[in-house]
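Q: Sequence plus the predicted model coming up.
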Amino acid sequence: MVVLCASQAFAQIDRREVRSGNRAFRKGEFAKAEIDYKKALLKDSTSVAAQYNLSNDLYRLENYQEAEKYSKAALDSLSKSPRAADAYFNAGDIYLQQRRWGEAIEAFKSSLRLNPGDMDAKSNLAYAQKMLEREQQDQQNQNQNQDNQDNRQDQNKDQNNDQNKDNQDQNQDKQDNQNDQNKDQNDDRQDQNQNQDDNQQQPPQQDQQQPKISPEAAEQMLQAIQAKENETQDKVNKEKAAAVRSRQKEKNW
């Protein structure tokens, strides 16, 4: 960090508070230096020396947010001044402490544009670029790990859903099979009961088949039936003749 003395760095009126702050800064009395620089700014809020040196002092006190505020105020006033290279360099250091690598890179680049031979600025720039690259890689790995974890969770969820569905299907199949078995058993029992009822209602069937009749026996039976029929016919004819005679006799009386 570069501290500028107001009497040497800027064409401004020499102020007692800035000089007092510089003496305290060199002694490492940073809290006292802060008070002196802020007193100077109360008298002249545009004092670039007070803004610049107060930013450096707050950096040593590790109050980086407030140091950034006064660093920006100083840079607005310095613009393209040769002193701006140091201001950009200090601003880059403030960003490094806050791990704001991208802003640190831009600050060191701005410093090098004004002072290309500054090896400290080149070293800090390389460091900031390396840290940004590492942070981006870590973020990429973290995102990849998160994606992998999400994918595993989704896969586990899908597997659990599939397993639950398979279990449900298996249970449903078992239930359907059990229902079918019960239905088949009920149907079998109903058929058995129906058969028993039919057997009770129907006359018993002859277990043995009728013996077959030979052609000779059948012929004899037919002849016997024919003889019986002839005998019956003769008897009927005689009765008819007697009846006719009787009627005739009656007719002649």
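A: Ah, there it is. Numbering: from 1, shown residues only.
Q: need the contact list for residue 54.
A: 21, 34, 37-38, 41, 70 (Cβ atoms under 8 Å, 6 or more residues apart in numbering). C-beta here means a position set from N, CA and C on the backbone, and glycine is covered the same way.
Q: Let me have those in TSV, extended by pLDDT.
A: Below are the contacts of residue 54 laid out as TSV (pLDDT from 0 to 100):
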residue	pLDDT
21	95
34	97
37	95
38	95
41	94
70	96
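Q: which of those count as buried?
A: 21, 34, 37, 41, 70 (16 or more other Cβ atoms under 10 Å).
Q: in these, which two residues are the furthest apart from each other?
A: In these, two members sit farther apart than any others by Cβ to Cβ. They are 21 and 70, at 12.4 Å.
Q: where does the stretch 1-150 of the chain have low pLDDT?
A: Across the stretch 1-150 of the chain, residues meeting the criterion (pLDDT under 70) sit at 1-14.
Q: Now with 90, please.
A: Within the stretch 1-150 of the chain, the segments meeting pLDDT under 90 span 1-15, 77-83, 142-150.
Q: Could I get the full set of strands for it?
A: Using DSSP state E, counting those that start in this stretch, no strands are found in the stretch 1-150 of the chain.
Q: which residue ranges form the helices in it?
A: Applying DSSP state H, counting those that start in this stretch to the stretch 1-150 of the chain gives helices spanning 6-9, 16-26, 30-43, 48-60, 64-78, 84-97, 101-114, 119-201.
Q: Dump those helices to TSV, plus distance to residue 224.
A: TSV is the format used below for those (distance: least, Cβ to Cβ, whole Å):
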stretch	distance to residue 224
helix 6-9	162
helix 16-26	158
helix 30-43	153
helix 48-60	148
helix 64-78	140
helix 84-97	139
helix 101-114	133
helix 119-201	38
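Q: for the ones you listed, which one sits closest to residue 223?
A: helix 119-201 (41.8 Å).
Q: domain assignment for this protein?
A: Split into domains by automatic domain parsing, the chain comes to 1-78, 99-155, 224-253.
Q: Among those domains, show me which one is buried the most.
A: Mean neighbours per residue, mean count of other Cβ atoms under 10 Å, is largest over the domains of the chain for domain 1-78, with a mean of 18.
Q: mind checking which of the helices of the stretch 1-150 of the chain is nearest residue 233?
A: Closest approach to residue 233 among these is made by helix 119-201 (43.7 Å; Cβ to Cβ).
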